[in-house]
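Chemist: Provided below are the primary sequence and the corresponding predicted coordinates.
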Amino acid sequence: MLSRIQFAANISFHILFPAINIALCWFLVYFRLRHTAARGTPAAQSWEEAYYLWTKVFALSFALGVVTGITMSFQFGTNWPGYMERAGNIAGPLLGYEVLTAFFLEATFLGIMLFGRGRVSDRVHLVATLMVAIGTTLSAFWILSLNSWMQTPAGYQIIDGEFHAVDWLAIVFNPSFPYRLAHMLLASTLTSAFLIAGLSAWQLLRRTANHGTHLALRTGVLAAAIAIPLQILAGDMHGLNTLEHQPAKIAAMEGIWHTEKRAPLTLFGWPNEKERRTDYAIQVPGLASLILAHDIDAEIKGLNEFPDAHPPVAPVFWSFRVMVGTGMLMLVVSWWAAFTWWRRRRTVAPGESPYSRWQLRLLAAMTFSGWLATLAGWYVTEIGRQPFLVYGVLRTADLVADHAPAMVLSTLIAYLTLYALLLSAYVLVLMYMAKHPAMPTPETPQSPKAATPIGGPA
């Protein structure tokens, strides 16, 4: 259990930063495209200001994502050697593909993206930003392929207790992968959109905004308003796939103990594993069958069908409700903010915000809502896979390293202390960047006048 908690702590801290960067770089591509298209007009400077601030946020998040990703990968050897011994023939190549096709691409062009302003042409700078964005998406592709394979293993055979690949296409494009990839890409879009909108709103409240802040705020709000209904659709499709391949996870998510038709949807309650029931349940008859199977008369398997092979119920049950509740709040706030902008867009003077101060406070309060929803969703996914590491094949308890509990506990405390400090520092640096969003002046080394462009005029 301590090793599981330690891995959970590491992956929880790590996922915060890819959840931002996967989509944030595509926002940067958009900012750069708008800057290039508006070259020679006053709007070009505003888009450049938006790009400048959020490139720094991307660089900060990228650095923390790389460091925490390395730490997390080491734990396959330190805490879970049995996993790599048994499944390394599949996990190793997929992790290697992620490094070869994604990380190298990101790291190479990131230098041009961060330091090429004024040293390369706009076109080269735009291409570099695009390559970094493609790299982040490829990284998500390979990591989610491996994680999805652990959820719905396919394309393998077991020889002498070890997994061997039989069909790499079946391994990479396993049954849950398309749904989980779409769900994660949209989750990153929402995380980045609310971060952009929230931090921009905070800048307006603190009166440190520039013209680029208004454009970034509008972009974040509209992107969130478009992405959230798509995420609800992707989540529904993912749920249908999970019901087919991991019915025990669905039963834990909904607190369904007994197999029944017209299963009720439990809005709230307290799962009681000892008595095999949900106490204080508030339920809607038949709605679980309708939502989960799109058939109000459908039979939903209960947890009693999986006596020794279902996950701990309470963490999955509550994490799912936190994820859904946060998603619904995102829907309301983003649509309301988008409607406010649409209604006032023609009456607001350039450089002014269409939002009142209390509206800006609400957007600022939602800055890290994407983190909350993403973490809750990952807890549903990962805890819901238990007691298996590779679903239905390898049990978690059989693969853990035989370390003394005191050793695991001491390193867990060290990790948690370090991560708390790093997270605090990250948020403080974000606030500092928001307070000082101004671009370098023409006299500074980063200015286009400070260096001879390589690819043409800046």
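Modeler: Yes, it's here.
Chemist: distance of Ser148 from Ile158?
Modeler: Distance of Ser148 to Ile158, given as C-beta to C-beta, to the nearest Å: 19 Å. (C-beta placed from N, C-alpha, C; glycine too.)
Chemist: Looking at the two, which is more packed in?
Modeler: Just comparing Ser148 and Ile158: by other C-beta atoms under 10 Å the higher neighbour count belongs to Ser148, 24 against 12.
Chemist: ok, now which ones touch the more buried one?
Modeler: Asn174, Ser176, Phe177, Arg180, Leu181 (C-beta atoms under 8 Å, 6 or more residues apart in numbering).
Chemist: How is Gln283 assigned, secondary-structure-wise?
Modeler: What DSSP: H, G, I helix; E, B strand; the rest coil gives for Gln283 is strand.
Chemist: State the distance from it to Ala263.
Modeler: Between Gln283 and Ala263 the computed distance is 9 Å (C-beta to C-beta).
Chemist: Which one's more surrounded, those two?
Modeler: Using other C-beta under 10 Å, the more surrounded residue of Gln283 and Ala263 is Ala263, with 27 against 16.
Chemist: Pretty sure Ile300 is one of the things that one touches, is it not?
Modeler: Yes. In this structure, Ala263 is within contact of Ile300 by C-beta atoms under 8 Å, at 4.1 Å.
Chemist: intersection of neighbour lists for the two?
Modeler: Shared contacts of Ala263 and Ile300, counting by C-beta under 8 Å, 6+ apart, come down to Glu254, Ile256, Ala288, Ser289, Leu292.
Chemist: can you list those in JSON lines and add pLDDT?
Modeler: Shown next, in JSON lines, are those (pLDDT from 0 to 100):
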{"residue": "Glu254", "pLDDT": "92"}
{"residue": "Ile256", "pLDDT": "92"}
{"residue": "Ala288", "pLDDT": "90"}
{"residue": "Ser289", "pLDDT": "91"}
{"residue": "Leu292", "pLDDT": "91"}
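Chemist: Tell me the one of those nearest Asn241?
Modeler: Minimum distance to Asn241 across the shared contacts of Ala263 and Ile300 is 11.3 Å, recorded for Leu292 (C-beta to C-beta).
Chemist: Torsion angles phi and psi at Asp308?
Modeler: Dihedral angles of Asp308 (phi, psi; degrees, to the nearest 10) stand at phi -120, psi 20.
Chemist: What number of residues are in the vicinity of the nearest residue to it once chain neighbours are set aside?
Modeler: Nearest residue to Asp308 in three dimensions, chain neighbours excluded: Pro387, at 7.8 Å (C-beta to C-beta, 6 or more residues apart in numbering). Neighbourhood size, Pro387 [other C-beta under 10 Å]: 16.
Chemist: ditto for His294
Modeler: Counted with other C-beta under 10 Å, the neighbours of His294 add up to 11.
Chemist: mind listing what it touches?
Modeler: Leu240.
Chemist: Same question for Ser319.
Modeler: Ala376, Gly377, Tyr379, Val380, Ile383.
Chemist: The second one in helix, strand or coil?
Modeler: This points to Gly377. Put simply, Gly377 is helix when judged by three-state DSSP.
Chemist: What is the burial count for it?
Modeler: Neighbourhood size, Gly377 [other C-beta under 10 Å]: 25.
Chemist: Pull the contacting residues for it.
Modeler: By C-beta under 8 Å, 6+ apart, the contact set of Gly377 is His183, Ala187, Ser319, Met323.
Chemist: Just the element for the first one, please.
Modeler: To tie it back to what came earlier, the one meant is His183. His183 belongs to helix 177-206 when assigned by DSSP states H and E.
Chemist: Noted, bye for now.
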